[in-house]
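Chemist: Here's my sequence, what's the structure:
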Amino acid sequence: MERRVVITGLGAITPIGKTVEEFWQGIKEGKCGIDKITHFDTSEFKVKLAAEIKNYNKEEYFDKKQAKRLDEFSQYAIIAAKEAIKTSGITEENTNMEKVGVIVSSGIGGLGTIEEQCKNYFEKGADRVAPMYIPAVICNMAAGNVAIEIGAKGESFCLVTACASATHSIGESYRIIKHGYEDVMVVGGTEASITPTGIAGFMNIKALSQSNDSLRASIPFDKERNGFVMGEGAGILVLEELEHAKKRKATIYAEIVGYGATSDAYHITSPSPNGEGGTKAMKKAMEEAKITPEQLDYINAHGTSTCLNDSCETMAIKGALGNHANHVMVSSTKGHTGHLLGAAGAIEAIACIKALQEGFVPATIGYKVPDEECNLDIVPNEGRRKQINYAMSNSLGFGRT
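Modeler: Next up is the predicted model:
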């Protein structure tokens, strides 16, 4: 018998708030977390803007020894995971930690530490590379550090599918619980890639906006969109088998009822022009949820603000929903947060959960110029008070997942 899976804990650290409530308040207020890059000197860069976590001081969260050994992507994951576990109420007294797993994903891992230690090597020699270099940077270290922090002794690993990573971690964790392998999964994504090579790499494949106007840099579905804005942070969710949650009288935020994942096998970075991969993934999710397109109220779109993504995702939504595509609310919160790459799907899932809870649909902010190729109800500029029953979160990634 397949088991039902609910969400009982949430945690986040984002460019518009360092807790879930701060993040959600920023969404409701239409807050934009994009500003000038302060992490490094951008004088030689065409890209000047990013969505950094504001006023982040690692020593508020970690002692000096721990902070020194953790790349920021692991730091962010631990911070969000501790909030998620606290809100879930899970303890060793009410939960068998042998049945608690962790999947925390990252698209890139410890890029800042890689840059720092490569510089040490080239300038000072092999003996000056930090002993903890490798354990700091590999992608599964966020999951490993979270598991150690919370005492989770079930399976612990990292899924890497670029910008779909966090959504994949949620979907696969849903299946793990549904089929009885674990009772609880601590899942999500984390990213800290606002670094010189991170920005340069995306800049040189023409993926990033070169706008100097923070309010017109990340503008999903707008005809003048010209690239995404890099963000950073983490989102973590606690997924739990329904009866386990009820037994310990947990607060249930939402239920996961369907998940779909595909590859369009088209191009390593560009989506299939007709959006067929996204269409099939959405159809699979609705089929598993046993709902019709007409029952879907809201889609939090991948909506990166790149020319190709937004038009192709529009086609994918139309392919999946048919005539109902004209009636469903579709918004992208990347105008608020920028694009958190491997963490994006997690904070966007949290936005969906809060929308379900409060009956408030996030806006697509910064929108001015309509695009006939993106002619959906994108909830422009102002959030909408509307009760919703079913929400979907979309994520797409390089490698065509």
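Chemist: Tell me where the stretch 301-401 of the chain has helices.
Modeler: With helices called from DSSP state H, counting those that start in this stretch, the stretch 301-401 of the chain shows them at 307-321, 334-337, 344-358.
Chemist: for the first one, packing partners?
Modeler: On a contact count with 3 or more Cβ pairs under 8 Å, 6 or more residues apart in numbering; DSSP states H and E, helix 307-321 meets helix 276-289. For every residue, glycine as well, the C-beta is placed using N, CA and C.
Chemist: buried sites along the helix it packs on?
Modeler: Residues 276-286, 288-289 are the ones in helix 276-289 that count as buried (16 or more other Cβ atoms under 10 Å).
Chemist: Compile those residues into a markdown table and extend it with columns for distance to S218.
Modeler: Output for the buried residues of helix 276-289, formatted as a markdown table (distance: Cβ to Cβ, whole Å):
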| residue | distance to S218 |
| --- | --- |
| E276 | 26 |
| G277 | 23 |
| G278 | 20 |
| T279 | 25 |
| K280 | 27 |
| A281 | 23 |
| M282 | 23 |
| K283 | 28 |
| K284 | 29 |
| A285 | 26 |
| M286 | 28 |
| E288 | 31 |
| A289 | 30 |
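Chemist: Take those residues and write them to JSON lines, including pLDDT and distance to T91.
Modeler: Supplementary listing: the buried residues of helix 276-289 in JSON lines, determined by pLDDT from 0 to 100; distance: Cβ to Cβ, whole Å:
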{"residue": "E276", "pLDDT": "89", "distance to T91": "46"}
{"residue": "G277", "pLDDT": "90", "distance to T91": "41"}
{"residue": "G278", "pLDDT": "93", "distance to T91": "40"}
{"residue": "T279", "pLDDT": "95", "distance to T91": "43"}
{"residue": "K280", "pLDDT": "96", "distance to T91": "41"}
{"residue": "A281", "pLDDT": "96", "distance to T91": "36"}
{"residue": "M282", "pLDDT": "97", "distance to T91": "37"}
{"residue": "K283", "pLDDT": "97", "distance to T91": "40"}
{"residue": "K284", "pLDDT": "97", "distance to T91": "36"}
{"residue": "A285", "pLDDT": "98", "distance to T91": "32"}
{"residue": "M286", "pLDDT": "98", "distance to T91": "36"}
{"residue": "E288", "pLDDT": "97", "distance to T91": "32"}
{"residue": "A289", "pLDDT": "97", "distance to T91": "31"}
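Chemist: Not counting its neighbours along the chain, what's nearest K284?
Modeler: If the residues on either side of it in the chain are set aside, K284 comes closest to G260, at 2.9 Å by Cβ to Cβ, 6 or more residues apart in numbering.
Chemist: Give me the three-state assignment for that neighbour.
Modeler: Following DSSP: H, G, I helix; E, B strand; the rest coil, G260 is assigned to coil.
Chemist: surely it meets A281?
Modeler: Yes. Judged on Cβ atoms under 8 Å, G260 makes contact with A281 at a distance of 4.1 Å.
Chemist: For Q25, give me its contacts.
Modeler: 17, 31 (Cβ atoms under 8 Å, 6 or more residues apart in numbering).
Chemist: so which helix or strand takes in it?
Modeler: Q25 is part of helix 20-29 when elements are defined by DSSP states H and E.
Chemist: how deep is E93 tucked in, by neighbour count?
Modeler: Using other Cβ atoms under 10 Å, E93 has 6 neighbouring residues.
Chemist: any idea what it is structurally, helix, strand or coil?
Modeler: coil.
Chemist: Farthest-apart pair in the buried residues of helix 276-289, please.
Modeler: E276 and A289 (20.5 Å; Cβ to Cβ).
Chemist: picking that back up, please produce CSV containing the helices of the stretch 301-401 of the chain, extended by mean pLDDT.
Modeler: Converted to CSV, the helices of the stretch 301-401 of the chain look like this (pLDDT from 0 to 100):
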stretch, mean pLDDT
helix 307-321, 96
helix 334-337, 98
helix 344-358, 98
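Chemist: L10 is nearest to which of these?
Modeler: helix 344-358 (5.5 Å).
Chemist: residue contacts, the residue nearest to K48 when sequence neighbours are not counted?
Modeler: Spatial nearest neighbour of K48, chain neighbours left out: T42 (5.2 Å); criterion: Cβ to Cβ, 6+ apart. Listed by Cβ under 8 Å, 6+ apart, the contact set of T42 reads 36, 48, 199.
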